[in-house]
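Student: just to be clear, the model below is a prediction. Sequence and coordinates:
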Amino acid sequence: MASEDPHSSNDSHDFPKFDYRSSRRDFLLKLGIGLDVIAGALISIPIIGFVISAIIKRADPTWISLGSVDQFKVGTTRMVAYDNPYRIPADGQTAHISCWVKRTSEQEFNVFAVNCTHLGCPVRWFEQSKLFLCPCHGGAYYEDGSRAAGPPPRGLYQYEYKIEKGDLAIKAGVLPTLADPGTLPQSGRTT
Amino acid sequence: MMETLRKVALWVEDRLHLVKLWEQTAGHPVPKSTGSWFYTFGSMTMLCLIIQILTGIFLAMVYVPSAAEAYHSLERLNYEQQLGWVVRGMHYWGSNCMVILMILHMTQVFLWGAYKYPREMTWLSGCVLLFITLGLAFSGQVMRFDTDAYWGVGIGAAIMGRVPFIGDALVKLLLGGPIIGSETLSRFFSLHVFILPGAILAFLSLHLRLVLSKGINEAPKPGVLVKRRTYDAYYKGIIKREGVPFVPGAFSKDAMANGILLLVIIVLALFVGPKGPGIPADPTIAISDASPDYPFLFIFGAAALMPNGSEVLLFFVLPTVAVILLFALPFISNEGEKSWRRRPISVLTVVVTGLTLALLTYAGMTGPWSPHMEAWKSLEIKPQYLKDRTPLELQGALVFQNKQCRDCHAIDDQGGHRGPDLTAVATRMTSPQLVRQVIQGGGNMPAYGKNLSPSEIHALVAYLTSLHPPNVPPAREAVGPLAPIDEKRSGSQPSADDTFAKAEKTP
């Protein structure tokens, strides 16, 4: 029959007596643990820095041109897509961000993020009922972006805009959330 | 020849101690009463994990974790890669089975009192395994990088954005950048194939080691109470009296159940197939309802059904309370009765929790709170709701369709269910009340005062006041000249025509 496994956990082992105090082994052990702590801390700095780089190296909203203002008729709302300024090649289609642009007058616009303020689902514009409707939990917004009904806690997120040399530009590039809703306050009625 | 084989076998045994390993693991003694169908859920859950790991490794050979490529690589798996669709199907159904079986396992452990002394750590490690499994299910859904997955991450980001103070940092950490893009997918890929599987294997090892060292809970007998002082000796006695080696003594039903499970998964993979990918993850296609996979539908449902403003409660307070309760359970009820036959509150807890989850999941699947966005142009109004109407009322029916009232209000159960069904609205509301509701909205309805002209509102309300069953009279004003009291006494009801004549005067 096979021999007994000397490492079996069932056998308790009696070690020979050895005084570790003030021995070279003891000194090296303490020095070693100290070295490990310092070296471990040093090695974790770049690892942690790498992991949280998205927080530290923040990408802030930047001006993006949506093209000539002439493509928007006064009083209409339409979807416009733009390439995110912070895209990388691997982003593919996802760098192609959309927003809703409403031209309220010759010089005035409302540019809304598509993200519902409740949980971020994409809202759709309905010209007939003049409402933005969210498919997820039934949030509804009026044409000026203010909350009309449903669970959203506020009106639609709006992008800052400017008109430069006949082009409409918006300040965007960051996914708007309640924690970072962008620069413009919500507009219009509140219910 | 035989002599040589014997020598080789003895050499291998001497170096590897396989007999001892067998005795300590598969052959370890368990109470005879554990050879029950109710004790098979744990091994079935573990078999699911093995299937997930194997199919997952092979899927990773074709899948490309890049936002630009993921969708195409899934299409390739579905249509080009030999049998890729079957392996994807097994991975998808294996995942659903794993969550369901884990919940069944947990329910059995709870009802059989197995979490009590001395198996507290077995329960705690099992709870951690549940959370890791749910993490795997969610990150796996993101791997299917279609529009639902894309907006699902968006929902995750929106939830993070509601965390006070550190919300913004959490959003950025989740997305790996300012938007949902390739870095987002890559980090969910890391979670799904490295971090969470590593964690699940670590905690599974602990879980199994505890099963070996603390034993499998004997099938409890009503009236036999667990006491810290006596239980260890009691359990030893059971093992001594009626202990059997786990294999083969208690394994027969596990073997059967696991075989059936394998068949179920392969049949589902072959005949139902993998899920998706659906519409590509293109942010300019805003038609997703971001409906999550089965394990998360109950949260999706709850998010719509909870009162407005209770999101903090739903997303942070309730999960925290649930986690604390799960972890505290073996310490709250550490001793005493184990049999569910004498633990009515535990049975009630299981029934209430199960019903809540099942109903919320059903609600999440049907989503009656969402407007039926195509109703206004895809659903007809049936002839009986248009027959014998005046031109004004017919004009109102047109307004009803064209202004998309139908998206939220059904007629004859056809249409959206966000708002009340209007098949018999005239029996509930008078014409002035309807005018007010349309113009001002309220009760979760937008105000249409700005979007409808007075003549449109006039026609719409005329149509709505015609919507009542022929044998039920329309609602009347409680006071005022429009509803004379003597009419009610005499029993004669005003005809629909009368009501319209009145309604015309009212606004």
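Tutor: Thanks, I have it. Values in this document were obtained by computation on a predicted structure and should not be read as measured data. Numbering: from 1, shown residues only, chains lettered A, B, ... in the order given.
Student: mind telling me what element B:K236 is part of?
Tutor: Secondary-structure assignment from DSSP states H and E places B:K236 in helix B:231-242.
Student: which strands or helices does that helix pack on?
Tutor: The elements that helix B:231-242 packs onto, with contact taken as 3 or more C-beta pairs under 8 Å, 6 or more residues apart in numbering or on different chains; DSSP states H and E, are strand B:29-31. All C-beta atoms are positioned from the backbone trio N, CA, C, and that covers glycine.
Student: just checking, what packs against whichever helix or strand comes after the strand it packs on?
Tutor: Beyond strand B:29-31 in the direction of the C-terminus, DSSP H and E gives the next helix or strand as helix B:41-60. For helix B:41-60, the helices and strands in contact under the criterion 3+ C-beta pairs under 8 Å, 6+ apart are helix B:84-111, helix B:196-214, helix B:252-271.
Student: and the helix or strand just after helix B:41-60, average pLDDT?
Tutor: Helices and strands here follow DSSP H and E; after helix B:41-60, the next one along the chain is helix B:70-79. The average pLDDT for helix B:70-79 rounds to 95.
Student: just the C-alphas of helix B:70-79, formatted as PDB.
Tutor: Output in PDB follows, covering the C-alpha atoms of helix B:70-79 (Å, rounded to 0.1, in the frame of the first residue of the first chain):
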ATOM      1  CA  ALA B  70     -18.100  43.200 -30.900                       C
ATOM      2  CA  TYR B  71     -21.400  43.200 -32.800                       C
ATOM      3  CA  HIS B  72     -19.800  41.800 -36.000                       C
ATOM      4  CA  SER B  73     -18.000  39.100 -34.100                       C
ATOM      5  CA  LEU B  74     -21.300  38.000 -32.500                       C
ATOM      6  CA  GLU B  75     -22.900  37.900 -36.000                       C
ATOM      7  CA  ARG B  76     -20.000  35.800 -37.000                       C
ATOM      8  CA  LEU B  77     -20.600  33.500 -34.100                       C
ATOM      9  CA  ASN B  78     -24.200  33.200 -35.000                       C
ATOM     10  CA  TYR B  79     -23.900  32.700 -38.800                       C
END
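Student: buried set for it?
Tutor: If you call a residue buried by 16 or more other C-beta atoms under 10 Å in any protein chain shown, then helix B:70-79 has these buried ones: B:A70, B:Y71, B:S73, B:L74, B:L77, B:N78.
Student: likewise stretch B:81-99?
Tutor: When burial is assessed from 16+ other C-beta under 10 Å, stretch B:81-99 yields the following buried residues: B:81, B:84-99.
Student: name the helix or strand for B:A137, please.
Tutor: Per DSSP H and E: B:A137 is located in helix B:120-143.
Student: excluding its backbone neighbours, what's nearest B:A286?
Tutor: Ranked by C-beta to C-beta, 6 or more residues apart in numbering or on different chains and with sequence neighbours excluded, the top spatial neighbour of B:A286 is A:P122, at 3.6 Å.
Student: what pairs with that neighbour across the strands?
Tutor: With beta bridges defined as DSSP bridges, A:P122 has these partners: A:N115.
Student: got a pLDDT number for it?
Tutor: As summarised for this prediction, A:P122 has a pLDDT of 91.
Student: likewise for A:Q107?
Tutor: At A:Q107, the pLDDT value in this model is 87.
Student: distance of it from chain B?
Tutor: When distance is defined by C-beta to the nearest C-beta, to the nearest Å, A:Q107 is 22 Å away from chain B.
Student: doesn't A:K162 make contact with that residue?
Tutor: No: contact criterion C-beta atoms under 8 Å: A:Q107 and A:K162 do not qualify, at 10.5 Å.
Student: okay, these two: which has more neighbours?
Tutor: When A:Q107 is set against A:K162 and neighbours are counted by other C-beta atoms under 10 Å in any protein chain shown, the residue ahead is A:K162, at 11 against 8.
Student: my guess is the more buried one is in a strand, correct?
Tutor: Yes: when classified by DSSP: H, G, I helix; E, B strand; the rest coil, A:K162 is found to be part of a strand.
Student: OK, contacts around the residue nearest to it when sequence neighbours are not counted?
Tutor: Excluding the flanking residues, the one nearest A:K162 by C-beta to C-beta, 6+ apart is A:A169, at 5.4 Å. Contacts were defined as C-beta atoms under 8 Å, 6 or more residues apart in numbering or on different chains; by that measure A:A169 touches A:W63, A:I64, A:S65, A:L66, A:Y161, A:K162, A:I163.
Student: the fifth one and A:D167 touch, don't they?
Tutor: When you say that, I think you mean A:Y161. No: at 10.5 Å, A:Y161 does not count as touching A:D167 under the criterion of C-beta under 8 Å.
Student: switch the buried residues of helix B:70-79 over to CSV; also include distance to B:G301.
Tutor: Rendered in CSV, the data for these read as follows (distance: C-beta to C-beta, whole Å):
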residue, distance to B:G301
B:A70, 28
B:Y71, 28
B:S73, 32
B:L74, 27
B:L77, 30
B:N78, 29
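Student: let me see the ranges of the strands in chain A.
Tutor: With DSSP state E, the ranges of strands along chain A come out as A:62-68, A:77-83, A:96-103, A:109-113, A:124-126, A:131-133, A:140-142, A:147-149, A:160-164, A:167-172.
Student: by contact count, what packs against the third one?
Tutor: In this case it means strand A:96-103. strand A:77-83, strand A:109-113, strand A:167-172.
Student: can you tell me which of the ones you listed is most buried?
Tutor: Between the helices and strands packed on strand A:96-103, strand A:109-113 has the highest mean count of neighbours, a mean of 23, where neighbours are mean count of other C-beta atoms under 10 Å in any protein chain shown.
Student: orientation of that one relative to strand A:167-172 in degrees?
Tutor: Per axes from the mean of the first three to the mean of the last three C-alpha atoms, to 10 degrees, the angle that strand A:109-113 makes with strand A:167-172 is 40 degrees.
Student: from the chain's centre, how far out does strand A:109-113 sit?
Tutor: 20 Å (C-alpha atoms, centre = their mean, to the nearest Å).
Student: which residues touch residue 113?
Tutor: By default, I'm working from chain A. A:C99, A:W100, A:L156, A:Y157, A:Q158, A:Y159, A:A172, A:P176, A:G182.
Student: look at chain B instead
Tutor: B:N217, B:P220, B:V226, B:E337, B:K338, B:S339, B:W340, B:R343 are the contacts of B:G113 under C-beta under 8 Å, 6+ apart.
Student: could these be laid out in CSV, adding distance to chain A, pLDDT and secondary structure?
Tutor: Listed next are the contacts of B:G113 as CSV, based on distance: C-beta to the nearest C-beta, whole Å; pLDDT from 0 to 100; DSSP: H, G, I helix; E, B strand; the rest coil:
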residue, distance to chain A, pLDDT, secondary structure
B:N217, 23, 94, coil
B:P220, 29, 94, coil
B:V226, 27, 93, strand
B:E337, 34, 93, strand
B:K338, 29, 94, coil
B:S339, 34, 94, coil
B:W340, 35, 94, helix
B:R343, 36, 95, coil
